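*Asks:* Here you go, sequence then predicted model.
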Amino acid sequence: MAILQILQYPDPRLHKVAEPVRSFDENLRDLVRDLAETMYAAPGVGLAATQVDVHRQVLVADVSDEHDDLRVFVNPVLIEGDGESALEEGCLSVPGVYDRVPRFEHIRGRAYDASGNAFEFEATGLLSVCIQHEMDHLKGRVFVDYLSRLKQNRIAAKLRKQQRHTG
Ligand code: NI
C-alpha cells in the first residue's frame with residue numbers, strides 16, 4: 001500500500017483521457033488499494049486514477065461518515081441520469097475551491113469491480129455527484145472546467161501561487 005501524490009490543478013496531466021481497463025489483475029488491485037488509501041489520507045470522498053497520473057478508468061468513492069463504505073468503479077458508464085443536484089463540490093486536485101456545476105441528482109450506470117465482475121449501480125445525492133465528478137476526471141475534465149473562463153483563470157493563478165509556496 002502507498003499514499004500516492006495527487007496532481008494539482010492546473011497540471012495538464014489532469015486533462016489526459018483514461019484508457020479502459022482490460023486486465024483485472026494484481027496491478028489493478030494494487031492501484032485500487034493505493035487509490036483508497038490516498039483518498040482516505042487526504043481526506044476526500046472520491047478519487048480517480050487520473051488524479052494520481054494513472055490514466056486508466058478506475059475510481060474509488062466513500063461518502064460515508066465512518067469511512068467504511070468503499071465503492072470501486074472500473075470502466076464505469078452512465079446509463080441514465082435525471083434531476084438536477086444543488087450540491088457544491090470540491091476536488092483534491094483543486095484545494096480550497098468549492099462551486100456548483102451541472103450534475104444529475106440521480107444516476108444509474110454500470111461498471112466492473114476490481115475482480116472483473118460487472119455490476120449495475122444507482123446513486124443519489126452526494127454519492128451521485130461524486131461518481132459524476134470522478135467519471136469526468138477519467139475523461140480529462142476537472143470540475144472547474146465548467147466554470148467561467150474568468151473564474152478558471154483566477155483559480156489557476158491562486159493555486160500556482162500556493163504551489164510555489166509549498167514547493
Ligand atoms: Ni476531483
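*Replies:* Yep, it's here.

*Asks:* export stretch 26-43 as PDB, just CAs?
*Replies:* The C-alpha coordinates for stretch 26-43 follow below in PDB (Å, rounded to 0.1, in the frame of the first residue of the first chain):
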ATOM      1  CA  GLU A  26      -2.900  -7.900  -9.300                       C
ATOM      2  CA  ASN A  27      -1.700  -4.500 -10.700                       C
ATOM      3  CA  LEU A  28      -5.300  -3.300 -10.800                       C
ATOM      4  CA  ARG A  29      -6.000  -4.400  -7.200                       C
ATOM      5  CA  ASP A  30      -2.800  -2.700  -6.000                       C
ATOM      6  CA  LEU A  31      -4.000   0.500  -7.800                       C
ATOM      7  CA  VAL A  32      -7.400   0.300  -6.200                       C
ATOM      8  CA  ARG A  33      -5.800  -0.200  -2.700                       C
ATOM      9  CA  ASP A  34      -3.500   2.800  -3.200                       C
ATOM     10  CA  LEU A  35      -6.300   5.000  -4.500                       C
ATOM     11  CA  ALA A  36      -8.400   4.100  -1.500                       C
ATOM     12  CA  GLU A  37      -5.500   4.700   0.900                       C
ATOM     13  CA  THR A  38      -4.700   8.100  -0.800                       C
ATOM     14  CA  MET A  39      -8.300   9.200  -0.700                       C
ATOM     15  CA  TYR A  40      -8.800   8.300   3.000                       C
ATOM     16  CA  ALA A  41      -5.500  10.000   3.900                       C
ATOM     17  CA  ALA A  42      -6.300  13.200   2.100                       C
ATOM     18  CA  PRO A  43      -9.100  13.000   3.300                       C
END
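
*Asks:* which outside residues touch it?
*Replies:* By CB atoms under 8 Å, 6 or more residues apart in numbering, the residues outside stretch 26-43 that reach it are 1-4, 6, 21, 45-47, 49, 52, 54, 56, 58-62, 67, 70, 72, 74, 92, 114-115. All C-beta spots, glycine's among them, are computed from the backbone N, C-alpha and C.

*Asks:* what's the longest helix in the protein?
*Replies:* For the chain, the helix with the greatest residue count under DSSP state H is helix 149-166.

*Asks:* how about the helix or strand bottoming out on mean pLDDT in the chain: buried residues?
*Replies:* Counting by mean pLDDT, DSSP states H and E, the chain has its least confident helix or strand at helix 149-166, which shows a mean of 92. Residues 152, 155, 159 are the ones in helix 149-166 that count as buried (16 or more other CB atoms under 10 Å).
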